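# Pasting the sequence and the predicted coordinates here, then a few questions.
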2 protein chains.
Amino acid sequence: MQNFDYCTPTRLIFGKDAIENLPDVMKPWKRILLTYGGGSIKKIGLYDKVKGLLKDFEIYELSDIQPNPKYNPSVLDGVKICKEKNIDVILAVGGGSVLDCSKAIATGAKYDGETWDLITYKVKPKSALPIVDILTLAATGSEYDAASVISRTETNDKTAFIDPVTYPVCSILDPIYTFSVSKKQTAAGCADAINHVMEQYFTSDTTLLNDGFCFAEIKSLMENTKACLENPEDYRARAEMMLCCTYGCNGILALGNSYSGWPCHAIEHALSAYYDITHGEGLAIITPRWMKHILSDKTVDRFVKYGVNVFDIDKNLEKYEIANKAIDETYKFFESIGIPMHLKDVGIDDKRIDEMAHHIAVNEGLENAYVPLKEEDIKLILMASL
Amino acid sequence: MQNFDYCTPTRLIFGKDAIENLPDVMKPWKRILLTYGGGSIKKIGLYDKVKGLLKDFEIYELSDIQPNPKYNPSVLDGVKICKEKNIDVILAVGGGSVLDCSKAIATGAKYDGETWDLITYKVKPKSALPIVDILTLAATGSEYDAASVISRTETNDKTAFIDPVTYPVCSILDPIYTFSVSKKQTAAGCADAINHVMEQYFTSDTTLLNDGFCFAEIKSLMENTKACLENPEDYRARAEMMLCCTYGCNGILALGNSYSGWPCHAIEHALSAYYDITHGEGLAIITPRWMKHILSDKTVDRFVKYGVNVFDIDKNLEKYEIANKAIDETYKFFESIGIPMHLKDVGIDDKRIDEMAHHIAVNEGLENAYVPLKEEDIKLILMASL
């Protein structure tokens, strides 16, 4: 078991009408930057609800934050508003992209130099504006972690930026706000969350405890996502899915495990940086191919345990048979929730695979992953995903 | 799924040599009240280590804190020192009793009236002194929650006091400090921690996710406790047991579950208030009898799920057969780790059962438990435990 230093200070206010706590949560501040994406928060009445609850505050807005949120214009525009208007707090209303963008803005607002230097770890942020969020999509876990992923279109960079100053102060989680999430985004959110768990499960120095947490997460996500797809207004299923996703990236599922390198995320970040595809779909496509690629005598026991516990595969079968069945079941699950399972289905052909594999190999440090991946390995995984 | 409002702000520094972080953790403060129990922290060299690391601080001491920590003298003495010496922070070195006592002191130190009024919820504490702890016993989870249990000998009261101001700022968890814990205390710690999980599992409005977390906890505690008893210096086993215990009472295993009433704890608190027995042993004795008592058509499915997932009982058996086997296995597990499984083994006969049952019924609110318990029910459970 590895040493660790862990703290997630974020307050979670969860459930029906959780938003009624918003004025009380925002009480310490006055000038708010309200960040959001497209029009969905207006369509579901959330925008008006927020404005109504916060009528005594001074609110500035940054809208149109895109999926795979962009450094330019979103982050840069947000930082500018914060500095010009002397913003006290950021209120992010939306999904992981809005929240990630807000985290980058929150640090940039407290720094005199280039925000990109913070995001790329050239400079360590000393502080950040406080962040409160109202979540409308169960997926990334950004509401309960200190990570954000920012894309820079001109360089095809998609960078994960992790710093404790970016933990949200408070996340307001009302499952009802996810009722209107499309089937496509519900499935992609599930794939993202399942992948977070797998990236922490497939590693060394694991424990009975963490393995059990991971299996509980994956099984719950699988069952509840299916229920959400059948009935998008199934409160219980939406609620459990939301809570599952919340635990995805703050480390609680793997305290003491070795660092795994998060290889599927590293590979997918290149896919969505080059092609701007839906993150969760990219992950679902990559995952079973990565699994096949890393299956070996070193890893087979992890796959067996995964297969027996998550898919109830007969533990008396030969171990490679169990492992391969587990990988097939993983593929079939993603397929069953409607995710396109080939890169060509999301508009990616083989033209830039060499370039992407090189980019990933140079930038993502996957030679330190649970199973180290070199450029050639990454290329093979991408080719198998076509 | 129930609404919830959750935050555990405590920082966990976990692993070998975690104590080296102590001077940095204590940096914001100057005058420390060092609290501890008997001589065990001196015997294992921890007392000298702490004093060495903190030689630049002003340290006052409160020692001799007993198991089932006492309001008088321990809490009252601690409050007095804090006020007289203008203490900035409490450093609790020991197990759950030292930590619980320190939490009560921390609130009393910031209050002008009677500390007992805070502990019994007559007055809500506005603040508390910050608490840092170095844990030497894996059991109560006090290092990661806002609860403390304080006994008042003269009235046979043993009261659970829960308030967010008492979350430790930082818990330093080095499994090596638990190597010297006796077999008796190791087993009692396991029973305490398992019971924390069960009190949260046996309730309504549960989720696949929380059930999975609970099973992971119980299975890991059972396996790792056995390993610790076989080899007290098994680092991995001590470490995993320590982490399991840490999650016991801060709510993370049951977010969204209905409140269960914690009936075994309520009953056991009377036992140890009247007879000062080891808390974990009392819990282990009560638990299977409570289980038998509440088994009914309403609860049998929870028992079935518990039996199938924790003890791998054949799910095709008739459901009451599974439930009864699960209860028997629970009993046998506690027995197998050396816990005396009858009240008479810990010096309790039937003389005060009526009195205790009445005390519990009046004070513990168990009519609101998962399965409501009246005075007669409590008496039957106690009689069955003799």
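Yep, that arrived.

# Quick check: mean pLDDT of the helix or strand hosting A:Ala361?
Element membership for A:Ala361 (DSSP states H and E) is helix A:353-363. Across helix A:353-363, pLDDT averages out at 96.

# likewise stretch A:161-177?
Averaging pLDDT along stretch A:161-177 gives 98.

# what's the span of it, first residue to last?
27 Å (C-alpha to C-alpha, to the nearest Å).

# Which residues belonging to it are considered buried?
A:161, A:163, A:165-177 (16 or more other C-beta atoms under 10 Å in any protein chain shown). In short, each C-beta sits where N, CA and C put it, glycine included.

# contacting residues for A:Ile194?
For A:Ile194, the contacting residues are A:217-218, A:221-222, taking C-beta atoms under 8 Å, 6 or more residues apart in numbering or on different chains as the criterion.

# go again using 7 Å as the cut-off
A:218, A:221 (C-beta atoms under 7 Å, 6 or more residues apart in numbering or on different chains).

# For chain A, which residues are neighbours of chain B?
A:1-7, A:9-16, A:18, A:207-209, A:212-213, A:215-217, A:219-220, A:223, A:236, A:239-240, A:243-244, A:255-256 (C-beta under 7 Å from any C-beta of the partner chain).

# From the residues you listed, list the buried ones, please.
Buried members of the residues of chain A next to chain B, counted by 16+ other C-beta under 10 Å: A:1-2, A:4, A:7, A:10-15, A:18, A:207-209, A:212-213, A:215-217, A:219-220, A:239-240, A:243-244, A:255-256.

# In helices, which of those residues appear?
Counting by DSSP state H, the part of these found in helices is A:208-209, A:212-213, A:215-217, A:219-220, A:239-240, A:243-244.

# Need the max-distance pair from the residues you listed.
A:Leu208 and A:Ala239 (27.5 Å; C-beta to C-beta).

# who's sitting farthest from the centroid in chain A?
A:Asn316 (35.5 Å; C-alpha atoms, centre = their mean).

# Surely that residue is within a helix?
No: applying DSSP: H, G, I helix; E, B strand; the rest coil, one finds A:Asn316 to be coil, outside a helix.

# For it, give me phi and psi.
phi -90, psi -10 (degrees, to the nearest 10).

# do the same with A:Thr35
Per degrees, to the nearest 10, the backbone of A:Thr35 is at phi -110, psi 140.

# and what of the one 10 residues further on?
The phi/psi pair for A:Gly45 (degrees, to the nearest 10) reads phi 80, psi 0.

# what's the pLDDT at the residue nearest to A:Gly108 when sequence neighbours are not counted?
Spatial nearest neighbour of A:Gly108, excluding adjacent residues (C-beta to C-beta, 6 or more residues apart in numbering or on different chains): A:Thr115 at 3.2 Å. On pLDDT, A:Thr115 comes in at 97.

# Count the neighbours of A:Thr115 for me.
With neighbours defined by other C-beta atoms under 10 Å in any protein chain shown, the count for A:Thr115 comes to 23.

# Could you measure from it over to chain B?
27 Å (C-beta to the nearest C-beta, to the nearest Å).

# wait, what's in contact with that residue?
A:Thr115 is in contact with A:75, A:79, A:104, A:107-108, counting by C-beta under 7 Å, 6+ apart.

# Need the nearest residue in space to A:Ala160, chain neighbours excluded.
A:Ala160 sits nearest to A:Val149 (C-beta to C-beta, 6+ apart), 5.1 Å away.
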